[in-house]
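Novice: fold the following for me, if possible:
(one chain, ligands or ions: 1)
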Amino acid sequence: MAAIPGLRVFLSSVHGYGVRATHAFKEGDLMADIEGVVRREGEQWDDRYTLRITDSLWLDMVDQTRWINHSCTANAEVDLGVDEHGAPWAKLYAWRDIAAGEEVTWDYEFPASLAEPCSCGSAKCRGWIVREEELSLVLPR
Ligand SMILES: [Zn+2]
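Specialist: Sure, this is the predicted structure:
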């Protein structure tokens with residue numbers, strides 16, 4: 001598989017592998033058309049690197065985007081949906097300007113039922129990897 005231009009996997013200080021930008025991105029730039037393998041309800045797979053597209057459809061990320069870490073103050077965002085043929089899609093966009101060399105992060109926004117303690121290091125860290133509006137459901141840490 002061809003590597004996505006501008007994104008490079010590295011050993012992150014945040015958590016395990018991470019991804020950093022090898023060139024600058026502008027706010028709103030499409031950074032990656034995420035490649036993934038479609039997974040359906042009832043299947044068994046390692047779901048740690050999976051995007052939930054609908055209640056019964058997931059996309060198991062198989063390109064560099066798989067290694068992008070969560071941050072409570074992310075610099076990128078993932079937009080996703082299902083196309084007219086029923087196939088899931090996901091795209092990574094720059095949430096703000098990103099400098100070359102900067103770690104790329106997105107806010108995983110887990111539902112409260114899947115919340116995990118967060119150690120992203122952001123000054124605005126919520127303490128949990130969870131949707132902001134569901135934070136009250138997992139407090140106090
Ligand atoms: Zn955090």
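Novice: burial measure for residue 59, as a count.
Specialist: Counted with other Cβ atoms under 10 Å, the neighbours of residue 59 add up to 22. Where C-beta positions appear, they are placed from N, C-alpha and C, glycine not excepted.
Novice: which pLDDT value does the model give it?
Specialist: If you check residue 59, the pLDDT there is 95.
Novice: any idea how far residue 30 is from the ion?
Specialist: 25 Å (Cβ to the ion, to the nearest Å).
Novice: can you give me phi and psi for that residue?
Specialist: phi -80, psi 120 (degrees, to the nearest 10).
Novice: that one is in contact with residue 91, isn't it?
Specialist: Yes - because the distance of 6.0 Å satisfies Cβ atoms under 8 Å, residue 30 is recorded as touching residue 91.
Novice: between the two, which is the more surrounded one?
Specialist: Remark: of residue 30 and residue 91, residue 91 carries more neighbours, 15 against 11, as counted by other Cβ under 10 Å.
Novice: excluding covalently adjacent residues, which one is nearest to residue 95?
Specialist: Counting by Cβ to Cβ, 6 or more residues apart in numbering, residue 77 is the residue found nearest to residue 95 once chain neighbours are left out, at 4.7 Å.
Novice: that neighbour: what secondary structure?
Specialist: Three-state call for residue 77 (DSSP: H, G, I helix; E, B strand; the rest coil): strand.
Novice: again with residue 66
Specialist: Per three-state DSSP, residue 66 ends up helix.
Novice: so what's it closest to, chain neighbours aside?
Specialist: Among residues not flanking residue 66 along the chain, residue 49 sits closest, at 4.5 Å (Cβ to Cβ, 6+ apart).
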